[in-house]
Each structure stands twice: as structure tokens, then as C-alpha cells.
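K.L.:
sequence plus the predicted model coming up.
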Amino acid sequence: MSILSCAHVHTTYCDGKTPAKDMAKRADELGFVSLGFTSHAPQTFDPGYCIPPEQEEAYKAEIRALRAEYAGRMTVYLGVERDLYSCCSTEGYDFFIASVHYFPRPDGHHSPVDATPEKLRQYVETECGGDGLKMAKQYFTMLRDYVLSSHAPIIGHYDLPQKNNAVLHLYDEESPAYQKLTLDCLRPLADTGALLEVNTGAMARGYLSTPYPSPTLLKAWKEWGGEVIVNSDCHDARYLTTGFEEAEALLLSLGYDHAVRLGRDTLWERFALAGR
Ligand SMILES: [Zn+2]
Ligand SMILES: [Zn+2]
């Protein structure tokens, strides 16, 4: 396993289970060359999920202290996972991930994409007339537009609705309409230079047995000249590299010979995929 880095790591500042210092310790024990912290950016609702606005400075200070502590062994980066509703600026952060976690509702509230299946099912019933593909279209269009407008360096968990769709079967992932939708929304992102995240988080949490995005999307991304980054979207240090071997094998099987990670000396670096 040659990945030895993760640029998508949560902590107890947001909905993660592991304090930042313990996460860094675990990464160092695994021989990581780099580690990027990306707690959920502050926002005005769903407070248990994101960094409380009044703790943002403490978060930044602790990650910077860890960077100093591990200097020379492992490069620690200060990042943040943002979405459309994040209220902090990107100032002071080394990088960010652009993700979509919520649908806006006409009543001014928001429905989560990847919380319980029940919440997504409710949203599809009340706001999409029961049409799961309509929900998927909203999701992928929002994510495409957000990545384009934010100039994000990383596209977070591209086909996130898949996590709950595995249980709910709201749409057919193999249908031509769904395939066309996901490919059409992804295509313009390949020209931005953003890294497509191969996210193993749902494997660590037992929702899926494969990473997202799907092999179809990863294959197309490669044909378009896009670059990928493998992340575990880690919320618990015990699972920091869960799914990495599978993701690496998948990428090799699709013809990728390298991926990108946070570098030891430069923000991003390419490295060769080696398999087991
Ligand atoms: Zn996320
Ligand atoms: Zn995340």
C-alpha cells in the first residue's frame, strides 16, 4: 500500500470521534508522509455536525501546533471540508474539499443527503414527488456548480447519494439516465484541475463494500485526463486506512498508474500506485 496519506480527516471539533492529536499520532505510526485535517466548516444549522464558529480559531491553532510537532517526519496540513452552506472563509487554510451534504427546502430548512436513509426518503417523497432520479439530478447539479464556482482543489465524495441508495433503491444506478447524469455533471470538472476524491469512508462505516465514485466514473475521469486522490473521510482513527488497498487495486485495474496526495514538501505530489 503506497498511499500513506489522507487529506480528508475529521476530528472532535466536528462530528469525528478522535481528537486531532490522536489522529496525527495514528497517521505517524502508520508511516504517513502527510495528513490533512478537514473538519466540517462552520455553518448556521446542524451544529453537532460542524466546527462551532467560536471554535474555529482553536481548531486552526491546534492543527498548526501539530504541524510544528511533526515537522520533518510527517507534514500536517490545515484543511476544511466546505459545502454550499459553510459560513467561514477559506483564509488561513492550506486547502479545502468541496462537498454537498444538504438539499435546501422551500421552508428554509435543509435535508441531509447522507444522514439516515429515512431522512433522504422523506426528502424524495415531499420535495421530489417520489422521484429518486430528480433528487440525484439536484444533487449532482449542485455539486458541479459548487466545484466550478469555488475553484475547489478536491471534489468530495462525488456520488454520495449512493450510500443511502444502496438501502433505499430510489433510482437505478445502472440506468442510462443515471449514468448520463453523473457523467455529464462530472465532465466539466475534469477541465478545472480539481482532484476527484476516491472516498472509502462508507466502507469504514459499513455502508458500502466499494469506494465511491463508481468504476464507470473513474474510467471516464481517466480518459478526460483527470487526477485522483484516495481518502478515507476518517471519523475514527481506527479506520484511517480502511479501504485503501481496495481503492488502490481498483485504480490499478482501471489503468491508473499514479494518484495524487498531500506532499511532504509541496502541497500536492504525484506518487506511483503499487498495489499489495
Ligand atoms: Zn462530506
Ligand atoms: Zn468528510
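P.N.:
Noted; the coordinates are in hand. Ligands and ions are numbered 1, 2, ... in the order given.
K.L.:
residue contacts, the closest residue to I154 other than its chain neighbours?
P.N.:
Distances taken as C-beta to C-beta, 6 or more residues apart in numbering place I97 nearest to I154, at 4.4 Å, with adjacent residues excluded. All C-beta spots, glycine's among them, are computed from the backbone N, C-alpha and C. Remark: with contacts taken as C-beta atoms under 8 Å, 6 or more residues apart in numbering, I97 is in contact with 7-8, 38, 79-82, 152-156, 197.
K.L.:
6 Å - rerun?
P.N.:
Each residue near I97 by C-beta atoms under 6 Å, 6 or more residues apart in numbering is listed here: 38, 81, 154, 156.
K.L.:
so how far is the longest helix seen in the chain from its chain's centroid?
P.N.:
Ranked by residue count under DSSP state H, the longest helix found in the chain is helix 132-150. Offset of helix 132-150 from its chain centre (C-alpha atoms, centre = their mean, to the nearest Å): 15 Å.
K.L.:
and for stretch 244-252?
P.N.:
17 Å.
K.L.:
near ligand 2, which residues of this protein show up?
P.N.:
Applying C-beta under 5 Å from the ion, one finds that the chain approaches ligand 2 through 81, 233.
K.L.:
the same query, at a cut-off of 6 Å, please.
P.N.:
8, 10, 81, 233 (C-beta under 6 Å from the ion).
K.L.:
next step: the contacts of I97 restricted to strands.
P.N.:
Among these, the ones falling in strands (DSSP state E) are 38, 81, 154.
K.L.:
which strands or helices does the longest helix of the chain pack on?
P.N.:
strand 95-98, helix 176-190 (3 or more C-beta pairs under 6 Å, 6 or more residues apart in numbering; DSSP states H and E).
K.L.:
for the last one, buried residues please.
P.N.:
Of the residues in helix 176-190, those with enough neighbours to count as buried (16 or more other C-beta atoms under 10 Å) are 178-179, 181-182, 185-186, 189-190.
K.L.:
re the thing from before, ok, which of the helices and strands packed on helix 132-150 comes nearest T241?
P.N.:
strand 95-98 (18.2 Å; C-beta to C-beta).
K.L.:
flag every buried residue along that closest one.
P.N.:
Buried residues in strand 95-98 (16+ other C-beta under 10 Å): 95-98.
K.L.:
what's in contact with stretch 119-126?
P.N.:
103, 111-112, 132, 135, 164, 168, 170.
K.L.:
now, the most widely separated pair of these?
P.N.:
P112 and G132, at 15.7 Å, using C-beta to C-beta across the contacts of stretch 119-126.
K.L.:
so these two - more neighbours on which side?
P.N.:
Each of P112 and G132 has its neighbours counted (other C-beta atoms under 10 Å); G132 has more, 21 against 15.
K.L.:
quick check: closest non-adjacent residue to the more buried one.
P.N.:
Per C-beta to C-beta, 6+ apart, closest to G132 is L170, 2.7 Å.
K.L.:
related to what we said a few turns ago, looking at the contacts of stretch 119-126, which are in strands?
P.N.:
103, 111-112.
K.L.:
so the residue nearest to Q55 when sequence neighbours are not counted, which of the three states?
P.N.:
Setting aside the residues directly before and after it, Q55 is nearest to Y13 in space (C-beta to C-beta, 6+ apart), at 6.0 Å. Three-state assignment for Y13 (DSSP: H, G, I helix; E, B strand; the rest coil): coil.
K.L.:
off-centre distance for stretch 188-203?
P.N.:
Distance, centroid of stretch 188-203 to centroid of chain: 8 Å (C-alpha atoms, centre = their mean).
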